[in-house]
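# Turn this into a model:
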Amino acid sequence: MSMKMRVKEFDIDSLKIDVALRTKQILDGTKFETVCGTSAGAAGFFIWVTGMISEADQNYAATIHRTTKS
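Reported below is the predicted structural model:
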């Protein structure tokens with residue numbers, strides 16, 4: 001399956017929080033400008049990945065909040 005198709009069909013609910021947090025740690029300090037200057041394709045993928053990490057963080061925080069209110 002092509003990368004484009006895998007990105008298109010990606011289900012955010014399948015992203016485990018430990019994977020998202022590790023990816024966030026790996027990318028910490030990486031600037032969009034640096035990625036963009038290297039490769040336009042990588043820049044697009046970088047934006048998508050950081051967006052998925054952000055969404056996973058928000059989903060996880062919401063889950064924790066619901067769990068602690070129960």
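
# Under the pLDDT cut-off, which ranges of the protein? List them.
The chain contains residues with pLDDT under 70 at 65-67, 69-70.

# if we go to 90?
1-4, 17, 57, 59-70 (pLDDT under 90).

# then stretch 50-61 to CSV, C-alphas only?
Taking Å, rounded to 0.1, in the frame of the first residue of the first chain, the C-alpha atoms of stretch 50-61 are listed here in CSV:
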residue,chain,number,x,y,z
THR,A,50,2.5,16.5,14.3
GLY,A,51,-1.3,16.9,13.8
MET,A,52,-1.9,13.3,14.6
ILE,A,53,0.2,13.5,17.7
SER,A,54,-1.7,16.6,18.8
GLU,A,55,-5.0,14.9,18.2
ALA,A,56,-3.9,11.8,20.1
ASP,A,57,-2.8,14.0,23.0
GLN,A,58,-6.2,15.6,23.1
ASN,A,59,-8.1,12.3,22.8
TYR,A,60,-6.0,10.8,25.6
ALA,A,61,-6.5,13.8,27.9
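
# ok, and for that stretch, which residues are buried?
By neighbour count on 16 or more other Cβ atoms under 10 Å, the buried set for stretch 50-61 is Thr50, Met52, Ile53, Ala56. No exception for glycine: its C-beta is placed from N, CA and C like everyone else's.
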